[in-house]
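> fold the following and give me the result.
(3 chains)
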Amino acid sequence: MTVYLDHNATTPLDERVLEVMLPHLRASYGNPSSVHALGRGARAAVEQAREQVAALISAHPSQVIFTSGGTEANNAAIKGYAFANKVAGVLIGPTEHASVRGPVQSLGRQGWQVDVANCDENGVLSASRLAGAVDIETRLASVMWANNETGVVNPMAELAELCGERGVILHTDAVQAAGKVTVDFTASGVQLMSLSAHKLNGPKGVGALIVDKAFTLEPLLHGGGQERERRGGTENVAAIAGFGMAAQLAQAELIERQQHTLGLRDYFEQRLIERLPQSVVFGAGAERLPNTSFFAIPPLEGRTLILALDRVNFAVASGSACGSEQHEPSHVLRAMGVSNELAHGAVRVSFGKDNSRADVDGVIEAITSQVKQLQGMGAATAWT
Amino acid sequence: MAYSDKVMDHYENPRNVGNFDKDEKGVGTGMVGAPACGDVMRLQIKVNEQGVIEDACFKTYGCGSAIASSSLVTEWVKGKTLDEAATIKNSDIAEELALPPVKIHCSVLAEDAIKAAITDYKNKQ
Amino acid sequence: MSSKKPIYFDYSATTPVDPRVAEKMCSFLTMDEGRFGNAASRSHQYGWEAEQAIDEARKNVADLIGADPKEIVWTSGATESDNLAIKGVAQFYKKKGNHIITSKTEHKAVLDTCRQLEREGFEVTYLDPEQNGLIGLAKLEAAMTDQTILVSIMHVNNEIGVIQDIAAIGELCRSKKILLHVDAAQSCGKVAIDVEEMKIDLLSMSAHKIYGPKGMGALYVRRKPRVRLEAQMHGGGHERGMRSGTLATHQIVGMGEAFRLAREEMASENERVRMLRDRLLDGLKDIEEVYVNGDLENRVPHNLNISFNFVEGESLMMALSDLAVSSGSACTSASLEPSYVLRALGRSDELAHSSIRFSIGRFTTEADVDHAIKLCHDKIQKLRDLSPLWDMYKEGIDLSTVQWTAH
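Numbering: from 1, shown residues only, chains lettered A, B, ... in the order given. Down below sits the predicted model:
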């Protein structure tokens, strides 16, 4: 059995979540827009999930719009704001996910001014750095709560306060943060937030955009009038119900999961440095998600190590799964000022609630022996 | 759409369904609404010489809330004087039947039906 | 209300997931089976297995419509497919022209998208269908201008089930070098589709209308001659850049399996369903003043849309609460407007308000149909006894001459 250490890419579905989903795939198959009893049952399941998701991030249920995932939520927030307003400026963090950079680039093609703020060497975007990047045109900013590759957490409340002072609407991609650290929509002061279910042991294909119902957005998907006219399309009832349950479990077990994954992560990094002292952990000087370790073992090339680990049944990643068809070094590391050589060595290990200390021991052994073998073969270093 | 128990009760067991002879002097007939809007109510009252509504009946083409609203007002107007009946407000009907906001127009129609029946009766005298 | 589950006659709104599909989906969800990976993960077996399953599903979907798997783009459902096709073409080809043609009986996902494009400066022609629900080719041709870049016509209407002659429309569009988008949410698995023969350039599909999961759809985008789209969801570059977002493996696998089953079983299932529909129609047509909405010949066998004159649709649905049916489209049934589809056919408001859609499917039985027939007879009598319009009809009054107090 493979040891799965890639929980920032996706997570296995919790059995308790599956239990909640199954009835909606079988007997309770109604369309929530239908008036009959089957339809009303589906509607009730969607509304219950809305409450559960709202509770996870301390929002009101009316502020939850279900989407097909984090990517749609990011697109709906950014393009939805832009299409409801005059052409102006949009500002993003330097380490944003492709699903934020993509819609922002498309706004750029439509005449929007696009600016990218700088982060420090740990990948943190501070309020003062953001302040330096806001200008007279800036109306919308998008800064991720926590980075998918490094796990580095941004000071959202401070960023929101600054945006408030400058009259800038703030969106945050909280896909990686929700369920791993405390995320409070109301207290953070952001106007728009994106969530995804499959990063917190829920199903793929469902996410949410969090926004107050008084906030004007142009829908990304027109037609049908679902989600209070904000997102057309028949609701993915089973997945939404699963998202609700996954959110409820993540909320109830947050502290436990944090302590568990943090214990594993710290143990992992301690053993890694002991065995291979040349290792570099990215973002180690900043607050990070408890489960994430992004590192390099120079001069080894990351991809080589990852494929070698897969052969001995350890699933790890080189960073963002969405970017993994490309072989360019991580844009996150580049923004942090990491050299191309070191960046080519980057490997991400991300723990989940079901990992154990034995998994850490196993992967450390595997890394050590693979490093020895690969170096013995003189193979595939970043320098060659 | 989920209906309140009271709407369901009136819908399942509508009170005072029927017709009076509309040409009779003591009968007032109010017909309101339009098929295009999805509801038509016909409310009839039978008024005695003291000006008291002795009997009432209805027929309604419309949703469950429209049927319940008209059934309810036939019960309410019985025994009332014309002046008393004219004071029945749509908000009273909506409250009694716990109508959701999208169904408030049904109670408005029922109030209009009472007024129309009273007017018809008075025009005949 | 009875505690027994109502008999389901609403397969056009949504369908239960076929147990064979559900089983396959479940194996792609949890840790136990070890197939929950992210298909974009290029670095381990979890990702590769997911990708392989998605490729297989892509082939199953492509096979049902005679396409190449490379021409299939996964989406979150037919609404997203419609949005992507229409906005994507409009935005990409806007230098070529600014005119789009569609019809008044399209699904809201098409109509609302077109309205949005009108706000952005595009011009849209909304064709009136004939009384039987079909689009006249001459009308379509007359609406085409040198500015027309796209025609969007649904294959099968969701309310009345009529089947448009897409091959003829495709021929016309191709001869005028205008792209054709077809919303096939209601036709996949019910009517044979061949995107080559029918000359379709873009085709929207939905999983949950044919025993697959909700929240899953696909868009066919022709490669030869190549159709270009401006993406509506950016980031990550999934689906050849046309639609980003982590692929929901279990959902895709479910759609693939549902489409595979549809291809294998369509012929026999259509026969069975047609027999049930005809039985239902035979049982209802002896009621006075009933009207079938839409053409009966060019129609999917699953659908019977019927108006019971002088009975209002919502109260009839309440009376038929032992049956899960719908009056008009599920997406608009929370509103009080009569069905815009029936209005576009020229049906009077009374008849539009009096319409009920029965849609039959894989799990409907003869006993279900017989029960529905009996219930309709009883309840329609009861409601007509309550209806002033029925009284007037019986008295011989022509309702169209009555002065109504509109409100």
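> only alpha carbons, please: show the longest helix seen in chain B as CSV.
Longest helix of chain B, by residue count under DSSP state H: helix B:104-124. The C-alpha atoms that make up helix B:104-124 are tabulated as CSV, following Å, rounded to 0.1, in the frame of the first residue of the first chain:
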residue,chain,number,x,y,z
ILE,B,104,-49.4,36.9,-0.3
HIS,B,105,-51.1,37.8,-3.6
CYS,B,106,-53.6,35.0,-2.8
SER,B,107,-54.8,36.7,0.3
VAL,B,108,-55.0,40.0,-1.5
LEU,B,109,-57.2,38.3,-4.1
ALA,B,110,-59.5,36.9,-1.3
GLU,B,111,-59.9,40.4,0.2
ASP,B,112,-60.7,41.8,-3.2
ALA,B,113,-63.3,39.0,-3.7
ILE,B,114,-65.1,40.0,-0.5
LYS,B,115,-65.2,43.6,-1.5
ALA,B,116,-66.4,42.8,-5.0
ALA,B,117,-69.2,40.6,-3.6
ILE,B,118,-70.3,43.3,-1.3
THR,B,119,-70.3,45.9,-4.1
ASP,B,120,-72.3,43.6,-6.3
TYR,B,121,-74.9,43.1,-3.6
LYS,B,122,-75.2,46.8,-2.9
ASN,B,123,-75.5,47.6,-6.6
LYS,B,124,-78.5,45.3,-6.8
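> what is the burial count for residue 56?
If you meant another chain, say so; for now it's chain A. Using other Cβ atoms under 10 Å in any protein chain shown, A:L56 has 27 other residues around it. Every residue, glycine included, has its C-beta placed from N, CA and C.
> could you do chain C instead?
In terms of burial, C:E56 registers 16 neighbours under the definition other Cβ under 10 Å.
> now find how far off-centre stretch C:152-160 is within its chain.
6 Å (Cα atoms, centre = their mean, to the nearest Å).
> same question, stretch A:202-221
A distance of 15 Å separates the centroid of the chain from that of stretch A:202-221, by Cα atoms, centre = their mean.
> that stretch close to chain C?
Yes: using Cβ under 8 Å from any Cβ of the partner chain, a contact is recorded between stretch A:202-221 and chain C, made by A:203-206, A:218, A:220-221.
> ends of that stretch, how far apart?
End-to-end distance for stretch A:202-221, by Cα to Cα, to the nearest Å: 23 Å.
> got it, and stretch B:96-106?
Taking Cα to Cα, the first and last residues of stretch B:96-106 lie 13 Å apart.
> next, the buried residues of that stretch.
Of the residues in stretch B:96-106, those scored as buried under the neighbour-count criterion (16 or more other Cβ atoms under 10 Å in any protein chain shown) are B:96-97, B:99, B:103-106.
> which stretches of the stretch 51-200 of chain C form strands?
For the stretch 51-200 of chain C, the strands identified by DSSP state E, counting those that start in this stretch occupy C:72-75, C:99-103, C:123-127, C:148-154, C:179-183, in order along the chain.
> quick one: closest of those to chain B.
Distances from chain B to each of these were compared using Cβ to the nearest Cβ; the shortest belongs to strand C:123-127, at 21.1 Å.
> ok, residues contacting the closest one?
Contacting residues not belonging to strand C:123-127 are listed as C:98-104, C:111, C:114-115, C:117-118, C:135, C:139-140, C:143, C:147 [Cβ atoms under 8 Å, 6 or more residues apart in numbering or on different chains].
> now with 10 Å?
Contacts of strand C:123-127 with the rest of the structure, by Cβ atoms under 10 Å, 6 or more residues apart in numbering or on different chains, involve C:86, C:90, C:97-106, C:111, C:113-115, C:117-118, C:135-136, C:139-140, C:142-145, C:147-148, C:150-153, C:344.
> what's the burial count for residue 92?
In the absence of a named chain, chain A is used. Taking other Cβ under 10 Å as the criterion, the count of residues near A:I92 is 25.
> that's the wrong chain, I wanted chain C
What C:F92 shows, counting by other Cβ under 10 Å, is a neighbour count of 16.
> contacts only, for it.
When contacts are counted by Cβ under 10 Å, 6+ apart, C:F92 is found next to C:149, C:179, C:227-231.
> buried subset of the residues you listed?
Taking 16+ other Cβ under 10 Å as the criterion, what is buried in the contacts of C:F92 is C:149, C:179, C:227, C:229-231.
> the longest helix in chain C is where?
Across chain C, the helix with the greatest residue count (assigned by DSSP H) is helix C:249-284.
> okay, buried residues for that helix please.
Using 16+ other Cβ under 10 Å as the test for burial, helix C:249-284 gives C:249-263, C:266, C:269-270, C:273, C:276-277, C:279-281, C:283-284.
> returning to what we had before: A:G30: which of the residues of stretch A:202-221 next to chain C is nearest?
Each of the residues of stretch A:202-221 next to chain C was scored against A:G30 by Cβ to Cβ, and A:V206 proved nearest at 17.5 Å.
> where does the chain have low pLDDT?
You didn't say which chain, so I picked chain A. Low-confidence segments of chain A, defined by pLDDT under 70: A:319-327, A:377-384.
> that's the wrong chain, I meant chain C
Per-residue confidence of chain C (counting by pLDDT under 70) places the weak regions at C:1-3, C:328-337, C:406-407.
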